[in-house]
Structures are given as C-alpha cells and as structure tokens.
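> Return atomic coordinates for the entry below.
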Amino acid sequence: MSNFTIPVGPLHVALEEPMYFRIDVSGETVAHVDIHAGHVHRGIEYLATKRNIFQNIVLTERICSLCSNSHPQAYAMAIEQIAGLVVPARAEYLRVIADEIKRVASNLFNVSVLAHLVGFESLFMHVMEVREMMQDVKETVFGNRMDIGANIIGGVRYDIDSESAAYLKAQLDRLAPAVAEITALYRTNGSILGRTRGIGVLTRSDAVDCSVVGPVARACGIDYDVRSKAPYAAYDRIEVPVHTLADGDVWSRAMIRLAEAATAIDLIRQCLDQLPDGPISCTSERPPIPPGEAIAKCEAPRGELIYYVRTIDSPRPERVKWRVPSFMNWDALRFMLKGAKIADIAIIVNSIDPCISCTER
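Numbers count the residues shown, from 1 in each chain. Below you'll find the predicted structure:
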C-alpha cells in the first residue's frame, strides 16, 4: 500500500473560503492532517480600533455573512455593560427574533451543502428552496438578505408591527412542515445515511480536549448552549431546549442543526406571542461610553461567540477581540479526519460548518 501526501485546498468544494490541508494518506485512508490557515487574514481587529465605538457595529457585522447578526450583538452587549445601559424588554425580544432567523438560514445552508457533497443534488436544491423562505423574511423585515443590521448599542434598529408579525407567522407556518420533511429525509434516506453515519467521528473525550462548541459539541453529547447556560437578551424568558446526540459523526451534526432550525422557528413564535410594548432602544441619542472593559458572549449558529472590549477616554475602543466557534472546531478536524477515506474529506470538513473569515481576524 503506497503512502503519499495530497494537498486539499486552499480552494476546494467543501468551503467557499480558502483553507489548506496537507494530508498524509496510506492508500485511500487518511493517516495525518496538517491544517494551514491565514489565506484571508484582514486585520479586522486592528481596524476596529481605528473606528469609533458606534461605527464598529457596522464593521463587526461584516466579519461573517451567515452569523453576521451574532457579532454586532455580542459587541453591543459588551459596550452596554461598560456604559451601564439597560436594553428595553421589547428590544431584547427583537434581538432573539433576529438571532433565530439567522440561525434557521445558516443551519439549512450547511445541511444543504452536505446533500450537495453527497451527490444528492435534488435534495440540495430542495433544502435551498426551503431556506429561501427565511431569506424572504430577512429581506421583508430587515431590508437585506444577509447583513440585516438589526442591532444598535442600547437596543435594536428595527421594529415589528402587526402586519410584519402576521407575515412572519405565516412564513413560519410554511417553513415548519418543510423543515420536518427535510429532517425525515436525512433520518431515513439511504444515500445520506450511507455517506454520513459513522463518518468523521469525534468522541466526547476528544471533543472536550479540543473545547469544541455549538452543534459540533452537542453532536458528541455535550449539553452546552449559551442560550440556556448563560442566557442573554430574552432567552431567560422563553423555553430553549438543548438538543444532543451521542455518536459525534457527520450525520449527528447535521441532525443537531436540523433540530435547532425547528427549535428556532418555535422560539420566534414564542417571542412574537410574548412581545411586550415599549421602546426598541434605551436612548434616542448616542450614549457616552466611559473607560472600562467587558466580556460578552452569545450562541452563534456555529456555537459560542465571545467578545472582549476595552475602552479608554477616546471615541475609539482601545481593544476589540473575539473568539469564534470555528477556532476550536477546526482543530477537531485532526481527530475527525484520521482514518477517514479520501472521498469523505470534503463531507467531514463541511460538517463543522467552518467560517474562515471569522477566525482569521
């Protein structure tokens, strides 16, 4: 059996972003993996210190497209801690709605790409068509399909009136059975099961050692979700179930994402039913931000997102730093890929839903 080294990337089918893997194989089996990043480093943390505190709401939303709402939300929460700002109850519920709308779209996108990599093109197109319902929601409610601009320091930028609420509920009523149908397909279809069950396994102990987060961790049986363990916004006032599976394979990670998409639909409905009256921001003017430092975190679609912000007597922050879920999750690829077949590399890489731009700050 011949041993050789193959390059995967930096441009390849599993990712829209560049990431290079140097893979040693024995025959058709992966023996060792070296991960090389740094192809899209933008110096964006440095840029955050060259803009004023309020401009960074716009900048942080451009760090990532699929979890773009989570970055400005965590950043805003850190600034609000420093300034002692109390976000109105209505704004907290509206933050949850925006968060969960983005979660549905992000999770369905990853699951659809899995179908594409398996070669099930009709399922890929069907899942993307279902995801389009949520894309229409984003365009209708927020005016944009990707960067929705929901958050500001002290609250949110958008509001939902009775007409928007009725539209959103109607879209959720269409979306819920479609997500249930997709989940049933992924649970029973032979093409999906044959390529994902027992593939890219990450054991619970390796998951703990790598400190993985989000659906990658929950697919290994780790019961951790920031929304329930450290609630923020209005998550302490709604029911947030945490979904876990024990096998830690590609299929389990996909099923966790589908379960969380279905849960997100229910969370949006809870927020719409409980949405209190009141202002959507604690101030109509830009509040003064005193010197200080704070840490804030939220549950992005890929997992726990942490922001650290330090301010001084200046309009610009002295330091802004974030730790994204992909930073830990891609290290676990060394365990997932070891012993895998060459044909499964792209499927396994896609299963952690990596975001390179988030990680390469």
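> gap between the most centrally placed residue in the chain and I268?
Using C-alpha atoms, centre = their mean, the residue of the chain that lies closest to the mean C-alpha position is P301, 2.3 Å off. If you measure P301 against I268 using C-beta to C-beta, to the nearest Å, the figure is 14 Å. From N, CA and C alone the C-beta is placed, and that goes for glycine too.
> still on that earlier bit, for the closest residue to the residue nearest to the centre of the chain other than its chain neighbours, give me the pLDDT.
Once its chain neighbours are removed from consideration, P301 has its nearest residue in S106; the separation is 3.7 Å (C-beta to C-beta, 6 or more residues apart in numbering). The pLDDT attached to S106 in the predicted structure is 94.
> And the host helix or strand of S106, what does it pack against?
The secondary structure element spanning S106 is helix 89-118 (assigned by DSSP states H and E). Counting by 3 or more C-beta pairs under 8 Å, 6 or more residues apart in numbering; DSSP states H and E, the packing neighbours recorded for helix 89-118 are helix 70-83, helix 121-142, strand 155-156, helix 162-188, helix 190-196, helix 250-274, helix 345-351.
> Give the other helices and strands that the third one contacts.
For strand 155-156, the helices and strands in contact under the criterion 3+ C-beta pairs under 8 Å, 6+ apart are helix 89-118.
> From the chain's centroid, how far away is the helix it packs on?
Taking the mean of its C-alpha atoms, helix 89-118 sits 7 Å from the chain's own mean (C-alpha atoms, centre = their mean, to the nearest Å).
> How about stretch 210-226?
Once both centres are worked out by C-alpha atoms, centre = their mean, stretch 210-226 turns out to sit 13 Å from its chain's centre.
> could you dump that stretch to PDB, C-alpha only?
Coordinates of the C-alpha atoms in stretch 210-226 are reproduced here as PDB (Å, rounded to 0.1, in the frame of the first residue of the first chain):
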ATOM      1  CA  CYS A 210     -10.500  20.400  21.800                       C
ATOM      2  CA  SER A 211     -13.100  22.600  23.600                       C
ATOM      3  CA  VAL A 212     -15.400  22.300  20.600                       C
ATOM      4  CA  VAL A 213     -18.700  24.300  20.800                       C
ATOM      5  CA  GLY A 214     -22.100  24.500  19.100                       C
ATOM      6  CA  PRO A 215     -23.600  21.700  17.100                       C
ATOM      7  CA  VAL A 216     -20.200  20.000  16.900                       C
ATOM      8  CA  ALA A 217     -20.100  19.700  20.700                       C
ATOM      9  CA  ARG A 218     -23.800  18.800  21.100                       C
ATOM     10  CA  ALA A 219     -23.500  16.100  18.500                       C
ATOM     11  CA  CYS A 220     -20.900  14.500  20.800                       C
ATOM     12  CA  GLY A 221     -23.300  14.500  23.800                       C
ATOM     13  CA  ILE A 222     -22.000  17.800  25.400                       C
ATOM     14  CA  ASP A 223     -25.000  19.600  26.800                       C
ATOM     15  CA  TYR A 224     -23.800  23.200  26.400                       C
ATOM     16  CA  ASP A 225     -25.700  26.100  24.800                       C
ATOM     17  CA  VAL A 226     -25.100  29.700  25.800                       C
END
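> what's in contact with that stretch?
Outside stretch 210-226, the residues within contact range by C-beta atoms under 8 Å, 6 or more residues apart in numbering are 107, 202-204, 207-208, 232, 240, 242-249, 252-253, 255-257, 260, 297-304, 325, 328-329, 331-332, 335, 351-353.
> how about 7 Å then?
With contact meaning C-beta atoms under 7 Å, 6 or more residues apart in numbering, stretch 210-226 is reached by 202-204, 207, 242-246, 248, 252-253, 256-257, 260, 297-299, 302-304, 325, 328-329, 331-332, 352.
> Could you do stretch 20-35 as well?
Contacts of stretch 20-35 with the rest of the structure, by C-beta under 7 Å, 6+ apart, involve 1-10, 36, 330, 333-334, 337-342.
> Those in helices, which ones?
Helix and strand membership here follows DSSP state H; of the contacts of stretch 20-35, those in helices are 333-334, 337.
> tell me the pLDDT at the closest residue in space to S112 that isn't next to it in sequence?
Leaving out its chain neighbours, the residue that sits closest to S112 by C-beta to C-beta, 6+ apart is V127, at 3.7 Å. Looking at V127, its pLDDT stands at 96.
> same thing with E16?
For E16, the pLDDT comes out at 65.
> what does L168 give?
In this prediction, L168 has a pLDDT value of 96.
> what's the answer for the one 5 residues further on, then?
According to the predicted model, the pLDDT of D173 comes to 96.
> so how many other residues sit close to it?
Other residues within reach of D173 by the criterion other C-beta atoms under 10 Å amount to 11.
> And it, how far from I23?
46 Å.
> Counting neighbours, what do you get for S326?
The burial count assigned to S326 is 28, neighbours taken as other C-beta under 10 Å.
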